[in-house]
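> structure for the following, please:
(one chain, ligands or ions: 3)
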Amino acid sequence: MTSKGPEEEHPSVTLFRQYLRIRTVQPKPDYGAAVAFLEERARQLGLSCQKVEVAPGYVVTVLTWPGTNPTLSSILLNSHTDVVPVFKEYWSHDPFEAFKDSEGYIYARGAQDMKCISIQYLEAVRRLKVEGHQFPRTIHMTFVPDEEVGGHQGMELFVQRPEFQVLRAGFALDEGLANPTDAFTVFYSERSPWWVRITSTGRPGHGSRFIEDTAAEKLAFEEQLQSWCQAAGEGVTFEFGQKWTQPQVTPTDDSNPWWAAFSGVCKDLNLTLEPEICPAATDSRYLRAVGVPALGFSPMNRTPVLLHDHDERLHEAVFLRGVDIYTHLLPALASVPALPSES
Ligand SMILES: CSCC[C@H](NC=O)C(=O)O
Ligand SMILES: [Zn+2]
Ligand SMILES: [Zn+2]
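Ligands and ions are numbered 1, 2, ... in the order given. Next up, the predicted model:
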């Protein structure tokens with residue numbers, strides 16, 4: 001796809017670039033500006049907009065497109081609003097300018113992780129609404145803060161709130177990763193993060209030894225740490241910065257009607273899926289832990305994995321193809337017939 005001049009730019013791309021310019025960058029994200037942007041989108045789309053302040057200054061914004069059958073559970077489309085910091089000196093362009101080069105690559109922090117997805121959800125819903133569609137299941141879009149620092153002031157609190165219960169989420173989509181090949185990655189589970197802080201009050205100097213990443217999977221790992229600290233002598237302690245112990249798997253076979261709908265659409269569109277366990281933690285873990293099956297999916301094929309990297313970028317054609325893909329996925333997901341538990 002050749003690049004178009006600004007006057008010819010696809011409006012979905014223009015909206016994406018506007019959202020990328022909002023500085024929701026850790027450690028001091030401008031969440032107020034993101035919420036205002038989303039409220040305006042809700043107004044434009046004729047959707048209700050609910051703001052749930054899960055902690056002071058931490059708002060989860062929920063845009064809702066009601067379905068025709070309120071007895072059915074809903075589809076939850078999740079994205080986080082925060083982005084990771086930048087080392088500006090290593091970027092070819094200002095990471096908050098959303099510069100588009102002559103080939104159509106959009107450079108910005110959040111271009112892959114994951115402001116693209118937020119706008120793709122919104123633009124897919126807009127298209128479907130304009131075409132006059134309505135589906136049995138309600139579609140909620142949740143825009144959550146704090147994911148990049150663990151989600152403790154975001155999704156972790158939100159799933160415990162009455163406002164979350166009221167959504168009656170039956171299935172969720174959340175972030176995945178770009179895939180440099182022709183295929184699309186989809187995550188059905190995650191590694192469980194165990195972040196360990198070891199404190200040694202012994203002799204000064206560099207007393208640390210980095211832990212092999214696979215060791216955290218061993219059931220006896222905590223005891224091993226305990227014994228290492230004891231063996232090291234008085235005044236050596238450890239604490240967990242994160243310790244996730246509720247790994248859940250979303251089934252990827254046709255016994256799961258959500259998977260059947262999701263993978264069926266991908267098949268119809270001739271998209272090759274690569275189902276994997278996510279090598280990192282996302283807000284999906286909080287959703288799965290409260291019983292909501294979730295898939296991590298960022299529709300970016302033929303795209304190098306550049307999240308958190310310098311020069312994070314996404315081609316506008318890949319972005320627009322993602323809007324198309326959600327435009328096909330949402331009708332199928334929001335039309336999944338009543339589950340046995342719903343009848
Ligand atoms: C699907 S990989 C991305 C997951 C990751 N979560 C926090 O590090 C993030 O950067 O948002
Ligand atoms: Zn992310
Ligand atoms: Zn990230």
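> spit out the contact partners of the residue in the stretch 151-300 of the chain that ligand 1 sits nearest to.
Here the residue of the stretch 151-300 of the chain nearest ligand 1 is Ala280; by CB to the nearest ligand atom that distance is 3.9 Å. Placement of C-beta: from N, CA and C, glycine included. By CB atoms under 8 Å, 6 or more residues apart in numbering, Ala280 lies in contact with 190-191, 193.
> from ligand 2, how far out is it?
8 Å (CB to the ion, to the nearest Å).
> which pLDDT value goes with that residue?
If you check Ala280, the pLDDT there is 94.
> just give me the longest helix of the chain.
In the chain, with assignment by DSSP state H, the single longest helix is helix 316-333.
> pull out the buried residues from it.
If you call a residue buried by 16 or more other CB atoms under 10 Å, then helix 316-333 has these buried ones: 316-323, 325-333.
> mind giving me the packing neighbours of it?
On a contact count with 3 or more CB pairs under 8 Å, 6 or more residues apart in numbering; DSSP states H and E, helix 316-333 meets helix 11-20, strand 74-80, strand 105-107, helix 115-130, strand 169-174, helix 257-268.
> compute the inter-axis angle for that helix and helix 257-268.
Computed by axes from the mean of the first three to the mean of the last three CA atoms, to 10 degrees, the angle separating helix 316-333 from helix 257-268 equals 130 degrees.
> what about the strands in the stretch 101-250 of the chain?
Counting by DSSP state E, counting those that start in this stretch, the stretch 101-250 of the chain has strands at residues 105-107, 139-144, 169-174, 184-190, 194-200, 236-243.
> distance from the longest helix of the chain to the middle of the chain?
Centroid separation for helix 316-333 versus its chain: 16 Å, with CA atoms, centre = their mean, to the nearest Å.
> what do you get for stretch 85-96?
Taking CA atoms, centre = their mean, one finds stretch 85-96 lying 22 Å from the centre of the chain it belongs to.
> just the CA atoms of stretch 23-37, as CSV, please.
Extracted C-alpha coordinates of stretch 23-37, given in CSV (Å, rounded to 0.1, in the frame of the first residue of the first chain):
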residue,chain,number,x,y,z
ARG,A,23,1.0,10.9,26.7
THR,A,24,-0.2,8.0,28.7
VAL,A,25,3.4,7.1,29.4
GLN,A,26,4.6,5.5,32.6
PRO,A,27,5.5,6.4,35.3
LYS,A,28,3.1,9.4,35.1
PRO,A,29,0.5,8.7,32.4
ASP,A,30,-1.9,11.4,31.4
TYR,A,31,-5.0,9.2,32.0
GLY,A,32,-7.3,12.2,32.1
ALA,A,33,-6.6,13.0,28.4
ALA,A,34,-7.2,9.3,27.4
VAL,A,35,-10.5,9.2,29.3
ALA,A,36,-11.6,12.5,27.7
PHE,A,37,-10.7,11.0,24.2
